[in-house]
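Trainee: Structure for this input, please:
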Amino acid sequence: MAEYKPYSEQPHLHTSAPYRSAMLTYPGNLRQALKDAMADPAKTLFGVAHGIPSVFVTKLLAQTKPDFVWIDVEHGMFNRLELHDAVHAAQTHSEGKALVIVRVPKNDELSLTTALDAGAAGIIIPHVESAQEVKDMMKEMYYPPLGHRSFSPWTFTPGVYDASLYPKDKYNVATANNHVCIIPQIESVKGIENADEIAAVPGVHALMFGPGDYLIDAGLDLEGAMSGEPDPTFVAAMGKFGAAAAKNGLPIFGGAMSVDMVPMLIQQGFRAIAVQFDVWGLSKLIHGSLTQARAAAKQVAAEANGESNGESNEAKE
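Mentor: A predicted model of the protein is given here:
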C-alpha cells in the first residue's frame, strides 16, 4: 500500500503564488508583479482574456494557473453577480496564482465597485484621453487618503477570519491601496496626442493601447492593420504610445494575436500579455477540428472512389 502524506506535508503540490493576498477574496499584488517584470523580462506576466460570461469557464481558465485573468466587462456580457463570482473563482481555482484584471466600461461606477469589492487587482479604464480622467478615476478606486472609495461591509466577516499581509490592516484597506493597479487604455487620436501627460500621472502602473478603436477613430484601414499591413499613421501612433510608456518607466499591457508575437511584444515593452482569448481560442479550436475532419472525410471518399473505379476497370477487362 502506498505511503500516505497529507497535502500540507507535500510542498511540491502547492501552487507558487508569490503575489497573492492573505485571503483570496482580496486583491493580489499586481503592482509588485509588474515591477518585477519590468526589472526582469523573464518574469513577464502571461494570462488569458476572459469574455465568456460564465463562472464555469472562469474556473477552467483559472485551473491552468495563468499569471492573470483579464475579465472584459466593457464588451463581455458579465452581469454584476457573474463578475463578482468570476473574480473569486479566478483567484480561488488558481490557488492565488492568477491576478485578476478587469476592464470596466468608462464611467460605470457599478462595475467598478463590484470588481474592486470582489478583489480585482487591476482596473483597465478604456477610452482615456486626458490626464484628468485618470486622476478622477483614481479617486474612485482607492480608499482615503488616496481617494474616496466606499468601504463595503460585505467583503469581510468580523471576528471570523480577518487577515492581511500588512500590520494593523484587518479590513485590508492597506492591501487594496498597495496592490490595486490602474491601467489607462489609450485608443483615440486625442488619447495619443495626450499620451505623454497620461503616462506621467503619478500612480499609473501600466498602459494599454486599443488598436481597433484607434484605427476607426483615425479613419484608417482596420482590415489592413489587423492583417499585418498597417498604415504609417498607425505605426507613428504606436511609436508615440510606446515612447510615452518607456519615458515614464511603465509596462505595457495587451494581447497577442498569436504566441509567435510574444518575443516582439516583450521587446516593445509589454510585461503583461494575454496569450489567448477565450472566445477566439474556442472558436479557432472548433473551426480547426471541423476543417480537419471535413478534409479527412474528403480524403476517405476520394480513396474509396479511386478503389471503386479501379475495381470497375478490372471488371471491364
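Trainee: use CA for all of it now, contacts and neighbours both
Mentor: OK.
Trainee: Can you give me the pLDDT of the nearest residue to Pro230 once chain neighbours are set aside?
Mentor: The spatially closest residue to Pro230, leaving aside those adjacent along the chain, is Gly224, at 5.8 Å (C-alpha to C-alpha, 6 or more residues apart in numbering). Confidence at Gly224, expressed as pLDDT, is 75.
Trainee: Verify the stated contact: Gly224 with Phe234.
Mentor: No. If you go by C-alpha atoms under 8 Å, Gly224 and Phe234 don't touch, sitting 10.7 Å apart.
Trainee: any idea how far Pro232 is from the residue nearest to Pro230?
Mentor: For Gly224, the distance to Pro232 equals 11 Å [C-alpha to C-alpha, to the nearest Å].
Trainee: Ser289 now?
Mentor: 37 Å.
Trainee: Can you pull out the low-pLDDT segments for this protein?
Mentor: 307-317 (pLDDT under 70).
Trainee: Residue nearest the middle of it, spatially speaking?
Mentor: The centroid of the chain falls nearest to Trp70 when counting by C-alpha atoms, centre = their mean (2.6 Å).
Trainee: For that residue, list the residues it contacts.
Mentor: Contact analysis of Trp70 by C-alpha atoms under 8 Å, 6 or more residues apart in numbering lists 47-50, 100-103, 274.
Trainee: Quick one: the helices in the chain, in order.
Mentor: Ranges of helices in the chain, per DSSP state H, are 30-39, 55-63, 80-93, 109-118, 131-141, 173-179, 189-193, 195-199, 211-217, 222-226, 232-247, 262-267, 278-316.
Trainee: angle of the longest one against helix 55-63?
Mentor: Relative orientation of helix 278-316 and helix 55-63, computed by axes from the mean of the first three to the mean of the last three C-alpha atoms, to 10 degrees: 90 degrees.
Trainee: ok, now the fourth one?
Mentor: Helix 109-118 and helix 55-63 are oriented at 50 degrees to each other (the same axes, to 10 degrees).
Trainee: again with the fifth one
Mentor: For helix 131-141 and helix 55-63, the angle between their directions (the same axes, to 10 degrees) works out to 100 degrees.
Trainee: Against Ala49, how distant is Leu112?
Mentor: 18 Å.
Trainee: scratch that, Val134 is what I was asking about
Mentor: Going from Val134 to Ala49 by C-alpha to C-alpha gives 23 Å.
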